[in-house]
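[1] quick one: sequence plus predicted model below, questions after.
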Amino acid sequence: MKIKFLTIIFLFCTCTIFAQNDGSANTGLSFLKLGVTSRSIALGDAVVSSPIDASATFYNPGALFLGDNVNVLFMHNQQILGIKTEFLGAKIKMKKFALGFSLNNTSVGDIEVREIPGVVQDVFSAQNFAFGLSIGYKINEMLQVGVTGKFLYEKIYVDNADGVALDLGGLYTKDMLSIGAAITNIGSMNELRSQSTKLPTSVRFGASYLIVLTGITSGLRVSVDGYKVLDGGKFHVNSGVEFLYKNFLSIRAGYQSGYDDKSLTTGLGIKYKAFSLDYAFVPYKYSLGNSHTVTLGTSF
């Protein structure tokens, strides 16, 4: 009885916060549908063709060759009801191959246990975790492909389950145009107690174009993505604009269509020598609060 009541409360809280994620009635592990890194989130997740840092391990392993040769970053995201997400990613690219790894953890703390409404009997946290290894291969100067293998783990109170998943991605670049596509979270999970969890297998595809502003030594990148969770998800059109001033200051904005509780995304970033600091702000509707994301990175 206790576990049943506990599970109902937990699922209620989770579905309330992650209502923006599609297929919630058909798939689990909602944290795999949440964006990572401040830059990507500020651009409305319209980055499948332009993840220029270690976020490529999450969005498109075929894009590991973009950006600097080596990148390491750490992200912290804070939402309401104690929901926290941390993401650690790194990548290194060589002549024909690129390698990456990622750690992605979302937790909900201080969940109360009650057999019936009344006195709190216990407090626990819920954990969702993904560890990924990525490899990219450069077919030629314009076409790259990649794959990510992931180990997945979730724990709710005393119950836990694990599984594996695969991401596949590709990228085509020519001059200032990039076109990318990826299918993510292909795999399965073991049963959590007596219920198996279906992964949110998703498809992303899109393009981005960099406009060079030679007069002020800057650039303007415009990107548009399509995104869909295959089982029960809506089709979303995500778009983002990024103004890059002298490789020092970045100002970003995005728009995500088809979500009930969010649409606009914003953020900015500062880069000094090998280090970067980025921030993203996403306001939610219906008094759900706001999402704040901070990312620290280094590249060389």
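    Yes, it's here.

[2] can you report how many residues lie near K198?
    For K198, the tally of surrounding residues (other CB atoms under 10 Å) stands at 15. Yep, even glycine has a C-beta here, placed from its N, CA and C like the rest.

[3] what residues are up against the spatially closest residue to it that is not a sequence neighbour?
    Excluding its sequence neighbours, the residue lying closest to K198 (CB to CB, 6 or more residues apart in numbering) is T27, at 4.9 Å. Residues in contact with T27 (CB atoms under 8 Å, 6 or more residues apart in numbering) are T197, K198, L199, P200, T201, V229, D231, G232.

[4] show me what counts as buried in stretch 97-104.
    A98, L99, G100, F101, S102, N104 (16 or more other CB atoms under 10 Å).

[5] now, which of these sits nearest Q144?
    Within the buried residues of stretch 97-104, proximity to Q144 (CB to CB) peaks at A98, which comes in at 8.0 Å.

[6] what's across from the closest one in the sheet?
    A98 has the following beta-bridge partners by DSSP bridges: K93, G136.

[7] how about it, what does it touch?
    A98 makes contact with L64, F65, K91, I92, S134, I135, G136, Y137, K138, Q144, G146 under the criterion CB under 8 Å, 6+ apart.

[8] just the residues you listed now: which is nearest F300?
    Lowest distance from F300 to the contacts of A98 (CB to CB) belongs to I92, with 10.3 Å.

[9] how far does stretch 56-64 sit from the chain's center?
    11 Å (CA atoms, centre = their mean, to the nearest Å).

[10] oh, that last question was meant for stretch 28-42, not what I typed.
    Shown here is stretch 28-42, whose average C-alpha point lies 3 Å from the average C-alpha point of the whole chain (CA atoms, centre = their mean).

[11] can you check stretch 273-293 too?
    13 Å.

[12] start and end of it, how far apart?
    Using CA to CA, to the nearest Å, the gap from the first to the last residue of stretch 273-293 comes to 22 Å.

[13] just the buried residues of it, please?
    Applying 16+ other CB under 10 Å to stretch 273-293 flags S276, D278, Y279, A280, F281, V282, Y284, L288, S291, H292, T293 as buried.

[14] looking at the residues you listed, which gets the smallest pLDDT?
    On pLDDT alone, L288 ranks lowest of these, at 79.

[15] and N160, what are its bridge partners?
    With DSSP bridges applied, the residues forming beta bridges to N160 are K155.

[16] please apply the same query to S218.
    Legend: beta-bridge partners of S218 under DSSP bridges are L213, Y245.

[17] so who does G44 touch?
    Residues near G44 by CB under 8 Å, 6+ apart: D225, N238, S239, G240, G254, Y255, Q256, T265.

[18] swap in 10 Å and give it another go.
    Under the criterion of CB atoms under 10 Å, 6 or more residues apart in numbering, the neighbours of G44 are 35, 223-225, 227, 236-241, 252-257, 262-266, 280, 282.

[19] pull out the buried members of the residues you listed.
    Burial of those was assessed by neighbour count (16+ other CB under 10 Å); the buried members are 35, 223-225, 227, 236, 238-241, 252-256, 262-263, 265-266, 280, 282.
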